[in-house]
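Chemist: Sharing a model prediction with you, sequence too.
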Amino acid sequence: MTDLQKKPALSRHLWIIYLLSIILLGVIWYYQWILGLLMTLFLAASFYYSIQTEKTIINETEEYIATLSHRIKKVGEEALLEMPIGIVLYNEDYFIEWANPYMNRFADEDTLVGKHLNLLSEDLMPMIKEGKDEVGFELEGYEFQTVIKKEERLLYFFNRTEQNKIQTLYQNEQTVLAIIFLDNYEEITQNMDDTLKSQLNSKVTSALNSWSHAYGIYLKRTSQERFLAVATKEILRKLEQSKFDILDEVRELNAEQNVPVTISIGVGYGGMTLPALGELAQSSLDLALGRGGDQVAIKDDLGKVRFYGGKTNPMEKRTRVRARVISHALKELVKESDNVIIMGHKSPDMDSIGAAIGILNIAKANEVEGYIVFDPDDVDTGVYRLVDAIKAEESLWKHFIEPDEAEALLSSRSLVVVVDTHKPSMVADERLLNKTDFKVVIDHHRRAEEFVENPTLVYMEPYASSTAELVTELLEYQPKTLKLKMLEASALLAGIIVDTKSFTLRTGSRTFDAASYLRSKGADTVLVQQFMKEDLKLYIKRSKLIERAQVYRHSIAIAKGKPGEVYGSVLIAQAADTLLTMTGINASFVISEREDGRIGISARSLGDVNVQIIMEKMNGGGHLTNAATQIKDTTIDDAEALLKDILEEYFGGGETE
């Protein structure tokens, strides 16, 4: 209880004392009137003094309360009018009814009263209508956080400019670790004499040192082909704006020998410890190398990845030694497994089916039961002739099983082999990947961010023409008991021929070696041509689609199907291939509706345009010269507009992400 609350209680006590004193005084008067008189005078004086004292206390208290009330009122007025927080009241039509002096500073005239909220920010009114509690916006160089009180039609504006500057500074100064790797240093220098090797080393080191000094990067060479770079997030942002032009600069160093040296860079950044950043940088480098090198992979602490570079086709640098090692490792895995479950991607093509048949023969050669996961409801028109031929061969067709059957056969010691893809979302049945610890990935596509988790063995060669080519090389090192049948060898050859467009694209010396091996095993080129024959109606349909093509930016052909007309993925891929054969066309894109309701885009190029990067921006992927994507919840026209925006960014700003 406060002193102010105790005052009335003390007064009541005094009155009781005075009442008792009067009674006692009456008794004294009765017995001793002189003493009673003296006591009466004393009591009167005491009573007067008490009354005066209490009045003084009451007056002082009232004066104190009045002063305190005035101070509180003054503080409230000053807080409302002078504190560095903006306050605005608005009416039902979103016009300002009152604003404190802090907000009136932003008025063109003396006050904001009568002005619309859009004068402050066009974001305010929509956010209020949506029922948002907070919104941020910028006003005359200041950054405000606005608290919305919709019921009271009241806005509070908090200046967050300095706080945001500190946050930006903190973000900009975060440590970034990068590992720089010379992709083909060993291959280039193995036949060089010491003088040429020293000159190349000097050129590369000088170029990287100049680059690091220009951007303020700490660079340290840790081995003949590896550098460690330390930077900040702000420096990383500048490097991304330059599209990592160091990739082009290094590539040109040895161009006169027609064997350009290339670099790959793995970057890790985020709010992590230095050891964790180092692991992130190494993971990014592995991803860049898995995509063929000559590029930058940037990964943050959330696992998001951005890519730059990848402008050139990766060099063919795999060796027969590596193929033999992978084949031997695969043989051991097969022999230790209960059975082998093989699956390619959804809507399988010639390469996927041919590679799966090749792996099936590896299982047979090692006397282990093998099965190919095959969904009969997910067969594209481009492979139905091959499928019909397989169905006619009972000894081969019995190994083709549906996803539910595969799940029933799967055990903890089963080996799952994924061919012609490495993305879990694209395999024939993703459930199978989660039911065994033994998984093998064999693919020729550039590695994407999405990847099969914890694979036992990975054989990814992005410079190979096809997965069928890789599997054919593995077959060469299997036990001599391996006996490829004519149909099986033809299926593998068909996969190579289709993916190389009859040996015209992405074809290396190893491609012809693989084709030669398959021919020696009985592959029938006439049968392959039978598999690849087209239906006349489909040919006409594709021709009409090609007829709708338009040339964009002088050398890019873009064709789109009519709204409501469905085209298969093989047909639009063939249309893109055909457009690429036209004079003056360096890249082609074909857009159409798919049966699943999505919009499909098939992209092809001769190498000058990296269609893989363009398709990755549309959540797709593929190769530098061959890529595709499927987009949900959009229209053909919107997909075309998005594609053109990405192409403008790619060409206009040298975009290579």
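Modeler: Cool, got the structure. Numbers count the residues shown, from 1 in each chain.

Chemist: ok now stretch 410-426, how far from the chain's centre?
Modeler: Relative to the centre of its chain, stretch 410-426 is centred 24 Å away, using CA atoms, centre = their mean, to the nearest Å.

Chemist: Can you give me the end-to-end span of it?
Modeler: Terminal residues of stretch 410-426 lie 19 Å apart, using CA to CA, to the nearest Å.

Chemist: any idea of the mean pLDDT for it?
Modeler: Taken as a whole, stretch 410-426 carries a mean pLDDT of 91.

Chemist: Repeat that for stretch 295-310.
Modeler: 83.

Chemist: List the buried residues of it.
Modeler: Residues 295, 296, 297, 298, 299, 300, 305, 307, 308, 309, 310 are the ones in stretch 295-310 that count as buried (16 or more other CB atoms under 10 Å). For glycine as for every other residue, the C-beta is placed from the backbone atoms N, C-alpha and C.

Chemist: how close does the nearest residue to residue 43 once chain neighbours are set aside get to residue 152?
Modeler: Among residues not flanking residue 43 along the chain, residue 21 sits closest, at 5.6 Å (CB to CB, 6 or more residues apart in numbering). The gap separating residue 21 from residue 152 is 60 Å, by CB to CB, to the nearest Å.

Chemist: Also residue 320?
Modeler: 78 Å.

Chemist: Which one of the two is surrounded by more residues?
Modeler: Each of residue 320 and residue 152 has its neighbours counted (other CB atoms under 10 Å); residue 320 has more, 13 against 8.

Chemist: The spatially closest residue to that one that is not a sequence neighbour in helix, strand or coil?
Modeler: Leaving aside its chain neighbours, residue 320 sits nearest to residue 473 (7.6 Å; criterion: CB to CB, 6+ apart). At residue 473 the chain is in helix, as set by DSSP: H, G, I helix; E, B strand; the rest coil.

Chemist: now residue 473: how far from residue 164?
Modeler: Residue 473 is 57 Å from residue 164, by CB to CB.

Chemist: With neighbour numbers in mind, choose between the two.
Modeler: Legend: neighbour count by other CB under 10 Å for residue 473 and residue 164, higher for residue 473 (24 against 15).

Chemist: doesn't residue 508 make contact with that one?
Modeler: No. Between residue 473 and residue 508 there is no contact under CB atoms under 8 Å: 11.8 Å.

Chemist: and for the two, which residues touch both?
Modeler: Both residue 473 and residue 508 lack any common contact, where contact means CB atoms under 8 Å, 6 or more residues apart in numbering.

Chemist: residue contacts, residue 606?
Modeler: Residue 606 touches 580, 586, 587, 625, counting by CB under 8 Å, 6+ apart.

Chemist: Quick check, pLDDT for the residue nearest to residue 320.
Modeler: 92.

Chemist: before we move on, the earlier item: going by distance to residue 16, which of the buried residues of stretch 295-310 wins?
Modeler: residue 300 (80.3 Å; CB to CB).

Chemist: now that closest one, which residues is it bridged with?
Modeler: Going by DSSP bridges, residue 300 is paired in beta bridges with residue 269.

Chemist: roughly how far apart are it and residue 310?
Modeler: On the measure of CB to CB, residue 300 and residue 310 end up 20 Å apart.

Chemist: one step back: now the residue nearest to residue 43: which helix or strand?
Modeler: helix 3-31 (DSSP states H and E).
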